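1. Sharing a model prediction with you, sequence too.
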Amino acid sequence: MKIITFTTDFGLQDWFVGTMKGVILGLNPASVVVDITHEIGRGDIGAGAFALAAACRYFPTGTIHVAVVDPGVGSDRRAIVIQTGQYFFVGPDNGVLSLALRQERVVAVRALKNEQYFHLPISVNFHGRDVFAPVAAHLSRGVALSEFGPAVEDYVKLDWPQVQTSAAGIQGQAVYIDRFGNVITNIENELIAGQQMESLIISAGKTRLAVGSCYQAVAPGKPVGLLGSHGCLEIAVNGGSAARDLGLSIGDQIAILK
Amino acid sequence: MKIITFTTDFGLQDWFVGTMKGVILGLNPASVVVDITHEIGRGDIGAGAFALAAACRYFPTGTIHVAVVDPGVGSDRRAIVIQTGQYFFVGPDNGVLSLALRQERVVAVRALKNEQYFHLPISVNFHGRDVFAPVAAHLSRGVALSEFGPAVEDYVKLDWPQVQTSAAGIQGQAVYIDRFGNVITNIENELIAGQQMESLIISAGKTRLAVGSCYQAVAPGKPVGLLGSHGCLEIAVNGGSAARDLGLSIGDQIAILK
Amino acid sequence: MKIITFTTDFGLQDWFVGTMKGVILGLNPASVVVDITHEIGRGDIGAGAFALAAACRYFPTGTIHVAVVDPGVGSDRRAIVIQTGQYFFVGPDNGVLSLALRQERVVAVRALKNEQYFHLPISVNFHGRDVFAPVAAHLSRGVALSEFGPAVEDYVKLDWPQVQTSAAGIQGQAVYIDRFGNVITNIENELIAGQQMESLIISAGKTRLAVGSCYQAVAPGKPVGLLGSHGCLEIAVNGGSAARDLGLSIGDQIAILK
């Protein structure tokens, strides 16, 4: 058994996702395909990269992670496969794999060039079906990385905002907003986990709030900071949407005041 | 093979569902995960309980049903596993399991306390990943119920509205509205199945309608009562939405007049 | 292992899809169920037929394709199973299977009449669970087609608009709009693939556009024609929605001018 995951912006309305699974099952009937999500905003490479990075390390060693948020499909953007200490990553070389790779030890990077492992003829606008799905299926059958194409030295990396620490406190920003409107920041839990929780005040836009132990640590409709499951500070509103209720967007500054 | 089902309000936009599957496959590669739904309204424990109850008995004996609609995650609300004559049920002890249990013979109830079967460290806001998924996976590998924590006597039960029968007829109410706007009532099909169908008049809000044999038993846009697949009377509109077109909401009275 | 696919308008909000999978796994634990899509517009038989036709041939030989877009459920519309050279197709006889069958060699057609292969009692409004899922599961276990019911000669076929070719060019129409707003036409890629791409001008509503090699062959917001992955000419807008931005709907004329 080999697990293949998918993170895409293809949506569930059309036949795109099912078709990729058909291609994979035709090449490796023993593979198990797991959807991370197909509801990434159209062409939102950053959100796709974030979702993949948040989920990938919860899968068993050997899992093949495919991410296809690919507005440049059919152009000369490169397609790549990357082997790390634990996993394989397959997708367009536009940064969608790069946040996951920050946590990994990269062992090898190859460009996808060998059409022997594609579904031919290759369409101009559905490389999920014609390139990435069949490459993942062949990988799951044990095809060596070197078979897929020439080694490449680098790959596109998305910028990741750095946290600033000073005497005044910790300065970070909102990096993802989930379907509940929870605002995930880039301030890692470890930066604040050792401190007196009750003394931490968060500044998010015009709102100041405290760190709590759960959503219901505050009254309904009130904001609370949480040491979030993703590994970073989250801003939530009990029963509400922090993004909407506090007027927060990705990139907005979130600070922990001392 | 062991089947694990999920009923949650996590949605499909983010990485939550895929991540739970990764945790499960890491612990038991032979398990088969089936999504009942992840689109329960946020925190709508009643809708989650209804969906689970509607689906669970169509799965093979031995299936492990996990339901996570859990606004109290991270608070002191209890987490439980319940063994019945046919199934296992895992989730927060907030009532989300309770409508399914009305149909079952409860054999044992345990609190989830043994961190040996959790994914550590446990986050404050994603017990689906850190508690419920790994407990289900360990269950699927044959870990005994008693391993998970101490026996508990009771569990939270949602109120279920009782049907009133009188000389005037049968008085029930709307208990669920599906994506088509079909209004499911608590009036069991058996209460009316033996009667002359043509003579049954349903009162739903200001509308009176008859029981029919299918959606198309009435003209497009017209309302019809059906002996619904869920086991209870449903109010539908052929090609329309009964909830919207007839102005019906959950809790509204639906009566069968004699 | 046997693959069973589903194409429906059931949506993912309720328990319908999960329940069908429970029925199938109870009858054949070795089956693998793949969702093509459950988000076909309610009762949109044409869209369901199109999605199935677009996806089905990417699955391995022997796959059982089930399509349930079935506004006439419970009426006297027929239910059928069709064996082709490569696949099985199961669904209501309302045309939802017919576009897929245009590509296939039909070997046998049977009406679904033998209640031995149904989930009893059969509800009036959920034949996906009570008829189509169990029939597919029994098929996957090797039950002979003739077991399900009497042979039937014909089945309902949706009209498929023919392309008109003349000295003035090629006259087709929009036949599907995907979630991105890409407009798929009935003009097969082969009709234009041999020609000088640069010289082809497409007329779509009031807009004239050229055929390009990828979405990014034109500036953001600009329209482009693509030899689409579905096998037919597509009209897209780089980063936008061709349907919305160009005001195109299904049935609108799309012409290639010479």
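-> That came in fine, so what should we check first?
2. which stretches of the stretch 101-250 of chain A have low pLDDT?
-> Within the stretch 101-250 of chain A, no stretch has pLDDT under 70.
3. Chain C contacts on that one?
-> A:119, A:123, A:124, A:125, A:126, A:129, A:130 (C-beta under 8 Å from any C-beta of the partner chain). No exception for glycine: its C-beta is placed from N, CA and C like everyone else's.
4. Compile those into TSV and extend it with columns for neighbour count.
-> Formatted as TSV, those follow (neighbours: other C-beta atoms under 10 Å in any protein chain shown):
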residue	neighbour count
A:119	23
A:123	22
A:124	21
A:125	22
A:126	23
A:129	27
A:130	24
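5. Closest one to residue B:88 out of those residues, please.
-> Using C-beta to C-beta, residue A:129 comes nearest to residue B:88 of those, at 37.8 Å.
6. That closest one belongs to a helix, doesn't it?
-> Yes - assigned with DSSP: H, G, I helix; E, B strand; the rest coil, residue A:129 falls within a helix.
7. who's in contact with it?
-> A:16, A:19, A:20, A:23, A:119, A:123, C:58, C:229 (C-beta atoms under 8 Å, 6 or more residues apart in numbering or on different chains).
8. Likewise for residue A:205?
-> A:246, A:247, A:248, A:252.
9. In ChimeraX, select just the buried ones from those residues.
-> Of the contacts of residue A:205, the buried ones can be selected in ChimeraX as follows, counting by 16 or more other C-beta atoms under 10 Å in any protein chain shown:
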select /A:246,248,252
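10. returning to what we had before: please check the contacts of residue A:129 and keep the buried ones.
-> A:16, A:19, A:20, A:23, A:119, A:123, C:58, C:229.
11. Of the residues you listed, which ones also sit close to chain B?
-> Within the buried ones among the contacts of residue A:129, nothing lies near chain B by C-beta under 8 Å from any C-beta.
12. Could you work out the most separated pair of these?
-> Every pair of those checked by C-beta to C-beta; the farthest is A:16 and A:119, at 13.6 Å.
13. From the residues of the stretch 101-250 of chain A next to chain C, pick the one nearest residue C:152.
-> Closest approach to residue C:152 among these (C-beta to C-beta): residue A:129, at 34.0 Å.
14. From chain B, how far off is the closest one?
-> Distance, residue A:129 to chain B, using C-beta to the nearest C-beta, to the nearest Å: 20 Å.
15. Check residue A:172 too.
-> Distance of residue A:172 to chain B, given as C-beta to the nearest C-beta: 18 Å.
16. Format the residues of the stretch 101-250 of chain A next to chain C as JSON lines; extra columns: secondary structure.
-> Shown next, in JSON lines, are these (three-state DSSP):
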{"residue": "A:119", "secondary structure": "coil"}
{"residue": "A:123", "secondary structure": "coil"}
{"residue": "A:124", "secondary structure": "coil"}
{"residue": "A:125", "secondary structure": "coil"}
{"residue": "A:126", "secondary structure": "coil"}
{"residue": "A:129", "secondary structure": "helix"}
{"residue": "A:130", "secondary structure": "helix"}
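17. picking that back up, just give me the closest of the buried ones among the contacts of residue A:129 to residue B:168.
-> Set against residue B:168, the nearest of these by C-beta to C-beta is residue A:16 (54.4 Å).
18. Look up phi and psi at that closest one.
-> Dihedral pair for residue A:16: phi -60, psi -50, per degrees, to the nearest 10.
19. Likewise for residue A:126?
-> Main-chain dihedrals, residue A:126, degrees, to the nearest 10: phi -140, psi 70.
20. before we move on, what about residue A:237?
-> When read as degrees, to the nearest 10, the backbone of residue A:237 gives phi -120, psi 130.
21. That one: how many residues sit nearby?
-> Residues near residue A:237, counting by other C-beta atoms under 10 Å in any protein chain shown, number 24.
22. And what about residue A:99, helix, strand or coil?
-> helix.
23. Quick check: it touching residue A:155?
-> No - assessed by C-beta atoms under 8 Å, residue A:99 is found out of contact with residue A:155, at 12.0 Å.
24. So for the two, which sits in the more crowded spot?
-> Neighbours were counted for residue A:99 and for residue A:155 using other C-beta under 10 Å; residue A:99 has more, 23 against 19.
25. Could you measure from the more buried one over to chain C?
-> Taken as C-beta to the nearest C-beta, the span from residue A:99 to chain C is 22 Å.
26. which residues touch that residue?
-> So residue A:99 contacts A:49, A:50, A:52, A:53, A:158, A:160 (C-beta under 8 Å, 6+ apart).
27. Restricted to helices, list those residues.
-> Of the positions in the contacts of residue A:99, A:49, A:50, A:52, A:53 sit in helices, assigned by DSSP state H.
28. Now do stretch A:103-110: everything it contacts.
-> For stretch A:103-110, the surrounding residues in contact (C-beta under 8 Å, 6+ apart) are A:53, A:56-57, A:80-87, A:145-146, A:148-155.
29. Mind checking which of those residues are in helices?
-> Those of these lying in helices (DSSP H): residue A:53.
30. Burial check on residue A:209, number of neighbours?
-> For residue A:209, using other C-beta under 10 Å, the count is 20.
31. Write down the beta-bridge partners of it, one by one.
-> Following DSSP bridges, residue A:209 is listed with bridge partners residue A:202.
32. so it sits right up against residue A:233, yeah?
-> No - Residue A:209 is beyond contact range of residue A:233, at 10.9 Å (criterion: C-beta under 8 Å).
33. who does residue A:172 bridge with?
-> Under the criterion used (DSSP bridges), residue A:172 bridges to residue A:254.
34. Report the contact partners of it.
-> Residues in contact with residue A:172 (C-beta under 8 Å, 6+ apart) are A:161, A:163, A:164, A:185, A:186, A:187, A:233, A:253, A:254, A:255, A:256.
35. can you pull out the strands in chain A?
-> A:2-8, A:31-37, A:64-68, A:79-84, A:88-92, A:106-111, A:164-166, A:169-177, A:183-188, A:201-204, A:207-210, A:223-227, A:232-237, A:253-257 (DSSP state E).
36. so can I have CSV of the ones you listed showing distance to residue C:29?
-> Formatted as CSV, the strands of chain A follow (distance: least, C-beta to C-beta, whole Å):
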stretch, distance to residue C:29
strand A:2-8, 20
strand A:31-37, 15
strand A:64-68, 25
strand A:79-84, 34
strand A:88-92, 29
strand A:106-111, 37
strand A:164-166, 54
strand A:169-177, 38
strand A:183-188, 39
strand A:201-204, 50
strand A:207-210, 50
strand A:223-227, 40
strand A:232-237, 40
strand A:253-257, 49
